[in-house]
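the amino acid sequence is not available; the structure is as follows:
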Ligand SMILES: [Zn+2]
């Protein structure tokens, strides 16, 4: 797994609503669909990401007596076949004649590059002149 430096594409954070690990760049949580940034509501028909693939299937316990147990597993591999991640998404049991439908989709978007660490930093501005303290009125000289 390639380490990700702060501000680089692939950096993650935790969704405050569903606690899923999501991309820091996400405006909308892909897990719970909550909006995470103000002003980030996508216009109708507009999406910043596209679905690369979508796999959907259904399985059913077609037996009359036996109960099935199942594991829903999602794994991700790199271009050489090395496993990057494997996650047990859900486990459960199916009574006779019960069924489940499963959907796995991969969504991708062009990453916004992080600012270059060599980019010049904004010049510090000289401090604004501090407002002068009100000068207390001069006291009359003390007698004697
Ligand atoms: Zn969420």
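That came through fine. The model shown is predicted, which means the values in this text are computed figures rather than measured ones.

from here on, just use CA atoms for contacts and neighbour counts.
Fine.

please name every helix or strand in contact with the worst-scoring helix or strand of the chain on mean pLDDT.
Ranked by mean pLDDT, DSSP states H and E, the weakest helix or strand in the chain is strand 21-23, scoring a mean of 91. In terms of contacts (3 or more CA pairs under 8 Å, 6 or more residues apart in numbering; DSSP states H and E), strand 21-23 is packed against strand 12-14.

can you tell me the average pLDDT over the strand it packs on?
Strand 12-14 shows a mean pLDDT of 93.

and stretch 93-107, by the same measure?
94.

residues making contact with it?
Contact with stretch 93-107 is made by 49-70, as judged by CA atoms under 8 Å, 6 or more residues apart in numbering.

can you get me a residue count around residue 29?
Residue crowding around residue 29 was assessed by other CA atoms under 10 Å; the count is 22.

now residue 82: how far from the ion?
28 Å (CA to the ion, to the nearest Å).

for residue 94, same thing?
To the ion, residue 94 is 28 Å away according to CA to the ion.

what's opposite that residue in the beta bridge?
Judged by DSSP bridges, the bridge partners of residue 94 are residue 68.

per-domain residue ranges of this protein.
The chain breaks down into these domains under automatic domain parsing: 9-48, 55-110.

between the two ends of the last one, how far is it?
Between the opening and closing residues of domain 55-110 lies a distance of 22 Å (CA to CA, to the nearest Å).

and the chain, which of its residues are near the ion?
Proximity of the chain to the ion (CA under 5 Å from the ion) is limited to residues 15, 17-18, 29, 31-32.
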